[in-house]
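> Make a model of this:
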Amino acid sequence: MNEKTTADLENLRGLIDSVDQQLIHLLRKRLDLVAQVGAVKHGAGLPIYAPQREASMLAKRRSEAESMNVSPQLIEDILRRLMRESYLNEKDVGFKQVNTELGHVVIVGGEGKLGGLFSQMLTLSGYQVKVLDKDDWARAEEIFDGAGLVIVTVPISITCELIKGKLSSLSSDCILADLTSIKSEPVKAMLEAHKGPVVGLHPMFGPDVGSLAKQVVVVCHGRESDKYQWLLEQIQIWGARIVEAEAQRHDKAMQLVQAMRHFSSFVYGLNLYKEEADIESLLQFSSPIYRLELAMVGRLFAQSPDLYADIIFAQKESMHAIGDYLDNYSQALALLQAGDRDAFVNQFKEVAQWFGDFAPQFQRESRAMLQSVNDMKTD
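Next up, the predicted model:
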């Protein structure tokens with residue numbers, strides 16, 4: 001490279017650095033404005049996530065970008081990342097307290113990560129939160145006295161036993177809720193143990209989320225829903241979307257969404273271990289989609305084995321779903337062993353037809369995720 005080329009590159013890079021610095025200042029200004037928006041929403045009790053506003057804003061920015069010969073997808077990617085940061089900042093401002101007359105909240109198992117998250121969100125909303133963990137039962141009567149809401153978030157394996165044995169003396173106007181990932185048995189246990197309002201909640205996210213914006217909380221109604229409607233409104237103000245479901249329907253879905261999926265990831269990781277796979281080599285030769293798949297398997301093994309054992313073993317019916325998966329795997333393997341390519345192609349087409357319009361939709365959604373995965377590669 002000659003001296004003139006080097007000088008030209010350094011000059012252009014200096015100009016790019018200057019633009020980058022301007023971008024940082026603009027980002028700071030945008031975050032400050034978002035904080036002001038958060039304060040207004042806090043006062044008005046508006047959810048931090050407004051899907052119609054977001055969709056409208058993105059459509060306008062995409063159109064403006066296209067008119068300037070800038071990739072609309074580039075602008076959308078940047079804005080979505082900014083909005084995620086904005087939701088985190090809005091959370092720090094706090095939230096409007098929907099029920100100002102509620103007594104304090106007790107979180108049974110509040111020292112756990114999910115209990116800690118709900119404790120944080122309720123505290124940010126102005127509620128007094130008390131934690132009752134395994135070493136606090138000697139003080140239980142004192143802690144429960146005056147409580148307006150009791151939330152149970154303990155391991156699935158002991159949830160029903162704890163509800164029946166420890167929560168049968170709550171005040172009849174106290175709301176009893178749980179955060180368990182299965183719902184039929186816990187809701188039944190709460191209805192039998194408690195005479196007041198009962199609701200089953202299943203947050204469809206882990207405790208490591210930075211914000212509840214765009215997250216889903218499944219609600220299984222138990223008793224006196226009018227008494228806990230404020231709680232659902234409060235969760236929506238946090239940015240989450242409420243999905244109402246009958247408990248048995250929810251649990252059947254969880255056999256596929258959670259138990260079978262986690263078990264499959266467990267077996268995949270187990271197989272890699274027994275094959276003594278070299279993960280570094282796998283990453284070197286991996287496509288973005290395989291890297292994402294491997295990351296999801298690795299994510300499982302970075303977390304508590306007891307948690308996932310609870311989820312997988314919680315429902316006996318899950319064994320049927322997992323068994324069906326094994327049967328289908330075996331049948332597909334038989335096609336491979338028989339060299340029956342045509343049968344494989346026909347079955348592929350049959351499944352694709354069953355997916356219908358969801359298949360291209362998932363292809364579009366995954367494309368953005370795969371690009372993000374590829375961007376994070378450092379080697």
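> Does anything pack onto the biggest helix by length in the chain? Which helices or strands?
If you go by DSSP state H, the chain has its longest helix at helix 3-44. In terms of contacts (3 or more C-beta pairs under 8 Å, 6 or more residues apart in numbering; DSSP states H and E), helix 3-44 is packed against helix 72-93. For glycine as for every other residue, the C-beta is placed from the backbone atoms N, C-alpha and C.
> to the chain's geometric centre, what's the distance from the longest helix of the chain?
Put simply, helix 3-44 sits 30 Å off its chain's centre (C-alpha atoms, centre = their mean, to the nearest Å).
> pLDDT of it, averaged?
Regarding helix 3-44, the rounded mean pLDDT is 89.
> Over to stretch 149-162?
On average, the pLDDT along stretch 149-162 is 95.
> for stretch 267-279, same thing?
Regarding stretch 267-279, the rounded mean pLDDT is 95.
> The longest helix of the chain versus helix 72-93: what angle between them?
50 degrees (axes from the mean of the first three to the mean of the last three C-alpha atoms, to 10 degrees).
> who does the following helix or strand past helix 3-44 touch, helix- and strand-wise?
Sequence order places helix 51-67 as the next helix or strand after helix 3-44, per DSSP states H and E. Judged by 3+ C-beta pairs under 8 Å, 6+ apart, helix 51-67 is in contact with helix 72-93.
> what residues does the helix or strand just after the helix it packs on touch?
Sequence-wise, the next helix or strand downstream of helix 72-93 (DSSP H and E) is strand 104-108. Residues outside strand 104-108 that contact it (C-beta atoms under 8 Å, 6 or more residues apart in numbering) are 115, 118-119, 122, 127-133, 143-144, 146-154, 162, 166-167.
> Pull out the buried residues from these.
For the contacts of strand 104-108, a neighbour count by 16 or more other C-beta atoms under 10 Å gives the buried set as 115, 118-119, 122, 127, 129-132, 143-144, 147-154, 162, 166-167.
> From these, which land in strands?
129-132, 147-152 (DSSP state E).
> Quick check on residue 176: phi, psi?
Main-chain torsions, residue 176, degrees, to the nearest 10: phi -110, psi 130.
> Run a quick neighbour tally on the closest residue to it other than its chain neighbours.
With C-beta to C-beta, 6 or more residues apart in numbering as the criterion, residue 176 has its nearest non-adjacent residue at 4.5 Å, and that residue is residue 194. Residue 194: 22 surrounding residues under other C-beta atoms under 10 Å.
> show me what contacts residue 194?
Neighbours of residue 194 in contact, by C-beta under 8 Å, 6+ apart: 163, 167-168, 170, 174, 176.
> Those residues: which two are farthest apart?
Using C-beta to C-beta, the pair of the contacts of residue 194 lying farthest apart is 163 and 174, separated by 13.2 Å.
> By residue count, what's the longest strand in the protein?
The chain, longest strand under DSSP E: strand 216-223.
> The very next helix or strand once past that one relative to strand 147-152, how many degrees between them?
Downstream of strand 216-223, the first helix or strand assigned by DSSP H and E is helix 225-237. Going by the same axes, to 10 degrees, helix 225-237 is angled at 70 degrees with respect to strand 147-152.
> what does the average pLDDT come to for helix 225-237?
On average, the pLDDT along helix 225-237 is 97.
> next one: stretch 361-375
78.
> hmm, who's touching that stretch?
73, 77, 288-289, 291-292, 295, 355.
> And stretch 32-50, by the same measure?
Contacts of stretch 32-50 (C-beta under 8 Å, 6+ apart): 86-87, 89-96, 98, 211, 213-214, 236-239.
> In a markdown table, list the ones in strands among the buried ones among the contacts of strand 104-108 along with distance to residue 319.
Formatted as a markdown table, these follow (distance: C-beta to C-beta, whole Å):
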| residue | distance to residue 319 |
| --- | --- |
| 129 | 38 |
| 130 | 39 |
| 131 | 35 |
| 132 | 34 |
| 147 | 38 |
| 148 | 40 |
| 149 | 35 |
| 150 | 32 |
| 151 | 30 |
| 152 | 26 |
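> And the protein, what are its domain boundaries?
3-93, 104-245, 250-375 (automatic domain parsing).
> Give me whichever of these is most buried.
Ranked by mean neighbour count, the domains of the chain are led by domain 104-245 with a mean of 19 (mean count of other C-beta atoms under 10 Å).
> now the end-to-end length of it.
End-to-end distance for domain 104-245: 28 Å, by C-alpha to C-alpha, to the nearest Å.
> Measure how far that domain is from the centre of its chain, please.
That offset, for domain 104-245, works out to 17 Å (C-alpha atoms, centre = their mean).
> What of stretch 301-315?
16 Å.
> before we move on, what about stretch 337-345?
38 Å.
> Phi and psi next, for the residue sitting nearest the centre point of the chain.
By C-alpha atoms, centre = their mean, the mean C-alpha position of the chain lies nearest to residue 205, the distance being 2.6 Å. Backbone torsions for residue 205, taken as degrees, to the nearest 10, come to phi -160, psi 160.
> In CSV: the contacts of stretch 361-375, plus secondary structure.
As requested, these are exported to CSV (DSSP: H, G, I helix; E, B strand; the rest coil):
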residue, secondary structure
73, helix
77, helix
288, helix
289, helix
291, helix
292, helix
295, helix
355, helix
